[in-house]
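Q: With the input below, show me the fold.
(one chain, ligands or ions: 2)
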Amino acid sequence: MKEKIQEIFKQRFGTDSVVYASAGRINLIGEHTDYNGGFVFPGAIDKYIMAAININGTGKVRVYSMDMDAYCEFGLNEEDAPQEQWARYIFGVCRETIKRGGTVKGFDTVFAGNVPLGAGLSSSAALESCFAFALNDMFNENKIDKFELAKIGQSTEHNYCGVNCGIMDQFASVFGKKDCLMRLDCRSLEHEYFPFHPEGYRLVLLNSKVKHELVDSPYNKRRESCERVAATLGVETLRDASYTMLADVRDKVSDEDYRRARYVIGEKQRVLDVCDALERGDYETVGRCMYETHDGLSRDYEVSCEELDYLNDVARECGVTGSRIMGGGFGGCTINLVKEDRYDNFIATAKEKFNAKYGHEPEVINVIISDGAHKVVD
Ligand code: ADP
Ligand code: MG
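A: Numbering: from 1, shown residues only. Ligands and ions are numbered 1, 2, ... in the order given. Just a heads-up that it's a prediction; the model follows:
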């Protein structure tokens, strides 16, 4: 991909360029935990946004998106915001860097990627992190620390793209490391790397390609349930709650709120259990925890949907080690940890059965845990 992008860059802008990349991400476990002060457990994947860049000596940024086959140029002041959504990610990163006292000057860039868009792998975070990292390297002697780079991406989503996201996606894209997953504590923002090189297993996502639009903003409702239970327990977030504490207020909270909290408390423990298991190289326990998460999300948290439950059932039937919904729910992907020798049968069966039931095949996305933001050298 590097040579191709540099070639297009040279055709368009007539100079050599330097290439940067950043990755999409998966989250192995730890779902709906961020706003409860809990843990998430993401890793960067071998799907990237890659950008060839060169300083152009003007006050303008000139961008060509290979995948959109679209060109855009903009200045670096607040009023120069472009209309095109894809360009706003880059403009936002420039602005957020400047707002933090960083330097950004005019540059030319050509970029492309292979992170599937809108599949829950965070192509937008890959895009932001790629440029945040590049601007830090080109104009700021890498003085902006890595966590701030992630926040530049997050603020870009908030302030220029209308997406009120947490920090996980940008964190994973910036901090990602080959063969490692990262446990991010969403309360303290501390993180720790854990080894993830499941020899003899593959990690594969099945994208159901369905997205159920729901009328009554289910995310806010889940949040409110968690907040009500936390208030009843007298704790700040459910991070500080245990099953025993929850049992003590069983008759003071609604049945629904009880089940929501039961999921969140279980999920906090499952992330810790998965970390322990990975240190032992015990992928069977990892897989079991993934199934438990799916069940919790489906039955207690009620954010699954028919199609995802079906893919999960097929995974069980095919002897897949672990499988669960990835992301907020109501559609998108399942993430599956599957033994090599079961892989072919699983994929064939899932495609066939899903297609027979829902009229289209799920998209198969194989992933390998890889490096996050970096400069691409030969
Ligand atoms: P995701 O879940 O993949 O992050 P988003 O809707 O948040 O989905 O972000 C997708 C948007 O990011 C696209 O609509 C586009 O504006 C931008 N984007 C992502 N990848 C590319 C790409 N390869 N080329 C151009 N724009 C991209
Ligand atoms: Mg996104």
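Q: Surely residue 3 is in a helix?
A: Yes - the assignment for residue 3 is a helix, going by DSSP: H, G, I helix; E, B strand; the rest coil.
Q: May I see the buried residues of stretch 125-141?
A: 125-139 (16 or more other C-beta atoms under 10 Å). Yep, even glycine has a C-beta here, placed from its N, CA and C like the rest.
Q: Does ligand 1 have contacts with it?
A: Yes - Stretch 125-141 reaches ligand 1 (C-beta under 6 Å from any ligand atom) through residue 127.
Q: and that stretch, C-alpha only, in CSV?
A: Extracted C-alpha coordinates of stretch 125-141, given in CSV (Å, rounded to 0.1, in the frame of the first residue of the first chain):
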residue,chain,number,x,y,z
ALA,A,125,-10.2,6.6,14.9
ALA,A,126,-7.6,5.1,12.6
LEU,A,127,-7.9,8.2,10.4
GLU,A,128,-7.6,10.6,13.3
SER,A,129,-4.7,8.8,14.9
CYS,A,130,-2.8,8.6,11.7
PHE,A,131,-2.9,12.3,11.3
ALA,A,132,-2.5,13.2,15.0
PHE,A,133,0.7,11.0,15.0
ALA,A,134,2.0,12.5,11.7
LEU,A,135,1.5,16.1,12.8
ASN,A,136,3.3,15.4,16.1
ASP,A,137,6.2,13.8,14.2
MET,A,138,6.4,16.4,11.4
PHE,A,139,5.8,19.7,13.3
ASN,A,140,6.1,19.0,17.0
GLU,A,141,9.2,16.9,17.5
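Q: Residue numbers of the stretch 51-200 of the chain in contact with ligand 1?
A: Close to ligand 1, as judged by C-beta under 6 Å from any ligand atom, the stretch 51-200 of the chain has residues 65, 67-68, 85-86, 89, 112-113, 115, 117-118, 120-124, 127.
Q: now those: which count as buried?
A: 65, 86, 89, 112-113, 115, 120-124, 127.
Q: how about those residues, which pair is most distant?
A: 65 and 120 (21.3 Å; C-beta to C-beta).
Q: Low-confidence ranges, this structure, go.
A: By pLDDT under 70, the chain has no low-scoring segment.
Q: Longest helix in it, by number of residues?
A: Counting by DSSP state H, the longest helix found in the chain is helix 255-280.
Q: which helices and strands does that helix pack with?
A: strand 39-40, strand 180-185, strand 191-195, helix 218-233, helix 243-248, helix 283-295 (3 or more C-beta pairs under 8 Å, 6 or more residues apart in numbering; DSSP states H and E).
Q: which one of those is the most hemmed in?
A: strand 39-40 (a mean of 26; mean count of other C-beta atoms under 10 Å).
Q: Not counting that strand itself, show me its contacts.
A: 27, 30-31, 33-34, 168, 183-186, 268, 271-272 (C-beta atoms under 8 Å, 6 or more residues apart in numbering).
Q: Work out the sheet partners of it and label each with its direction, please.
A: strand 180-185 (antiparallel) (DSSP bridges).
Q: Okay, residue 15 and residue 56: tell me how far apart.
A: 8 Å (C-beta to C-beta, to the nearest Å).
Q: higher neighbour count, these two?
A: Set residue 15 next to residue 56 and count neighbours by other C-beta atoms under 10 Å: residue 56 wins out with 16 against 12.
Q: Look through this protein and tell me its longest strand.
A: strand 42-55 (DSSP state E).
Q: on that earlier part again, just to be sure, which of the buried residues of stretch 125-141 are found in helices?
A: Going by DSSP H, the helices hold 125-139 from these.
Q: Pick the one among those closest to ligand 1.
A: residue 127 (5.1 Å; C-beta to the nearest ligand atom).
Q: In this structure that closest one contacts residue 47, no?
A: No - using C-beta atoms under 8 Å, residue 127 makes no contact with residue 47, being 12.0 Å away.
Q: Give me the common contacts of the two.
A: Taking C-beta under 8 Å, 6+ apart as the criterion, residue 127 and residue 47 both touch residue 113.
Q: any idea whether residue 216 is helix, strand or coil?
A: Quick answer, by three-state DSSP: residue 216 is coil.
Q: Can you give me the distance of it to ligand 1?
A: 22 Å (C-beta to the nearest ligand atom, to the nearest Å).
Q: ok, that residue - how many residues close by?
A: By other C-beta under 10 Å, 6 other residues sit near residue 216.
Q: Kindly report the same for residue 14.
A: 9.
Q: just the one 5 residues further on next, same as before
A: Neighbours of residue 19 under the rule other C-beta under 10 Å: 23.
Q: That one belongs to a helix?
A: No - secondary structure of residue 19 (three-state DSSP): strand, not part of a helix.
Q: what residues do residue 15 and residue 56 have in common as contacts?
A: With C-beta under 8 Å, 6+ apart as the test, residue 15 and residue 56 both reach residue 108.
Q: Is residue 149 part of a helix or strand, or is it coil?
A: Once three-state DSSP is applied, residue 149 turns out helix.
Q: Nearest residue to it in space, please, no chain neighbours.
A: residue 132 (4.4 Å; C-beta to C-beta, 6 or more residues apart in numbering).
Q: That neighbour contacts residue 98, doesn't it?
A: No - counting by C-beta under 8 Å, residue 98 is not a contact partner of residue 132; they are 12.0 Å apart.
Q: coming back round to it: can you select the buried ones from the contacts of strand 39-40 in ChimeraX?
A: To isolate the buried members of the contacts of strand 39-40 in ChimeraX, using 16+ other C-beta under 10 Å:
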select :27,30,31,33,34,168,183,184,186,268,271,272
